[in-house]
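Enquirer: Attaching a predicted model along with its sequence, questions to come.
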Amino acid sequence: MAIALDCCAVNKQILITGATNGIGLAAAEALAARGANLAIVGRSKTRTRIASARIRRAAARGAAVATFIADLSSQASVRRLAAEVLARYPKLDVLVNNAGAMFGTRQLTKDGIELTWAVNHLAPFLLSKLLLHRLKESAPARIITTASQAHQGAHIPFDDLNAERSYRGFGRYGETKLANILFTTELARRLDGTGVTANCFHPGLVTTGFNRNNGLLMDLGMTILRPVARSPEKGAETLVWLVTSPTVANVSGVYFFDQEQKPPSPEAQDTETAGRLWEISERQCAVSGRSAEARS
């Protein structure tokens, strides 16, 4: 059955990170089928090429599909990605910060930052900031970030941001998902009146390759949960809706689940924490930026 083109998606230029599998890929296919022009970001050239071919097969006639390769754990790579996007696209309608990961053991990036924090929080923070001027020029525009219900019960460990004293894989993941919501809150405040909105969402428990690289116990846990999990297509529905729906055109700073506004945890609603996290994140990115300049 042919998919009717969506007037809110046709010819829109959309950039999606983490689009080589899971809900990112499902959303990219759905948006391309509605006539949007997709630019997907992946870490692996092979997987990105395979995903691109899938999206092209689903795409409406005339919809373009482009690819970018970036390692989002590296701030230098995020900066290169932003420069490439800015050079290629004079107009950017939607940025989707979807890439995310969970790691069973504590690891550090080349920038000396704990890996989960770097990929899940600092990468979307930095990429959004670097593309913000282009999004404002393209207004009305949207920034959408994939959060998670895993933020419930989490707190931002301001006294141990690099998780040096204690590291628990799922707990750390929850902290970064809380950071995604707080980032969205503060970003929406800063974007007020610009025509650019910022929202986030929980996709639900989705059957993807997520958390399949953290050993036998985690793999077993995901296998047990599989019967009650939803498909990537179902998990992507709210993302596609946030990209295309006119009903959220003027909504900003909100956390959604299944296309409905939901209250996140009390910690996620703390505007002072959101402001403090923003300032610290700016410093973490600035330090890495200066280190890269010193090496060049």
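Expert: The structure has been received and is ready for your questions.
Enquirer: For the closest residue to Gln107 other than its chain neighbours, grab the count of nearby residues.
Expert: Nearest-residue entry for Gln107: Leu115, 4.3 Å, with adjacent residues in sequence omitted and distances by Cβ to Cβ, 6 or more residues apart in numbering. For every residue, glycine as well, the C-beta is placed using N, CA and C. Neighbour count for Leu115, taken as other Cβ atoms under 10 Å: 18.
Enquirer: From the chain's centroid, how far away is stretch 110-130?
Expert: When distances are taken as Cα atoms, centre = their mean, to the nearest Å, stretch 110-130 is centred 11 Å away from the chain's centroid.
Enquirer: Next: stretch 247-265.
Expert: 16 Å.
Enquirer: same question, stretch 95-106
Expert: The answer for stretch 95-106 is 8 Å, by Cα atoms, centre = their mean.
Enquirer: likewise stretch 39-47?
Expert: That offset, for stretch 39-47, works out to 14 Å (Cα atoms, centre = their mean).
Enquirer: Endpoints of it, how far apart?
Expert: Start-to-end span of stretch 39-47 (Cα to Cα, to the nearest Å) is 14 Å.
Enquirer: Which residues does that stretch contact?
Expert: With contact meaning Cβ atoms under 8 Å, 6 or more residues apart in numbering, stretch 39-47 is reached by 13-21, 24, 28, 48, 51-52, 55, 65-72, 81, 85, 88-89, 99.
Enquirer: What are the buried residues along that stretch?
Expert: Ala39, Ile40, Val41, Gly42, Arg43 (16 or more other Cβ atoms under 10 Å).
Enquirer: want to throw these into JSON lines with secondary structure, pLDDT and distance to Thr184?
Expert: Output for these, formatted as JSON lines (DSSP: H, G, I helix; E, B strand; the rest coil; pLDDT from 0 to 100; distance: Cβ to Cβ, whole Å):
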{"residue": "Ala39", "secondary structure": "strand", "pLDDT": "98", "distance to Thr184": "21"}
{"residue": "Ile40", "secondary structure": "strand", "pLDDT": "98", "distance to Thr184": "22"}
{"residue": "Val41", "secondary structure": "strand", "pLDDT": "98", "distance to Thr184": "19"}
{"residue": "Gly42", "secondary structure": "strand", "pLDDT": "97", "distance to Thr184": "23"}
{"residue": "Arg43", "secondary structure": "coil", "pLDDT": "97", "distance to Thr184": "24"}
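Enquirer: Show the average pLDDT along stretch 286-296.
Expert: The average pLDDT within stretch 286-296 is 56.
Enquirer: got it, and stretch 95-114?
Expert: Rounded mean pLDDT across stretch 95-114 is 97.
Enquirer: What are the buried residues along it?
Expert: 95-104, 106, 109, 111, 113-114.
Enquirer: ranges for the helices of the stretch 151-296 of the chain?
Expert: Taking DSSP state H, counting those that start in this stretch as the test, the helices found in the stretch 151-296 of the chain are 169-191, 216-225, 232-244, 271-295.
Enquirer: lowest-confidence stretch among these?
Expert: helix 216-225 (a mean of 44).
Enquirer: Now Leu187: closest residue in space, sequence neighbours ignored.
Expert: Per Cβ to Cβ, 6+ apart, closest to Leu187 is Ala198, 4.3 Å.
Enquirer: what are the bridge partners for the one you found, then?
Expert: Beta-bridge pairing for Ala198 (DSSP bridges): Ile143.
Enquirer: Surely it is in contact with Leu191?
Expert: Yes: between Ala198 and Leu191 there is a contact under Cβ atoms under 8 Å: 5.9 Å.
Enquirer: Neighbour count: these two, which is higher?
Expert: Comparing Ala198 with Leu191 by other Cβ under 10 Å, the one with more neighbours is Ala198, at 27 against 21.
Enquirer: residue contacts, the residue positioned nearest the centre of the chain?
Expert: In the chain, the residue lying closest to the centroid (Cα atoms, centre = their mean) is Asn97, at 2.1 Å. By Cβ under 8 Å, 6+ apart, the residues touching Asn97 are Thr17, Ala123, Pro124, Leu127, Ser128, Ile143, Ile144, Thr145, Thr146, Asn180.
Enquirer: Between Ala198 and Leu191, which contacts overlap?
Expert: Ile143, Ser252.
Enquirer: Next, the angle from the helix or strand hosting Lys136 to helix 169-191.
Expert: Using DSSP states H and E, Lys136 maps to helix 123-137. For helix 123-137 against helix 169-191, the angle by axes from the mean of the first three to the mean of the last three Cα atoms, to 10 degrees is 20 degrees.
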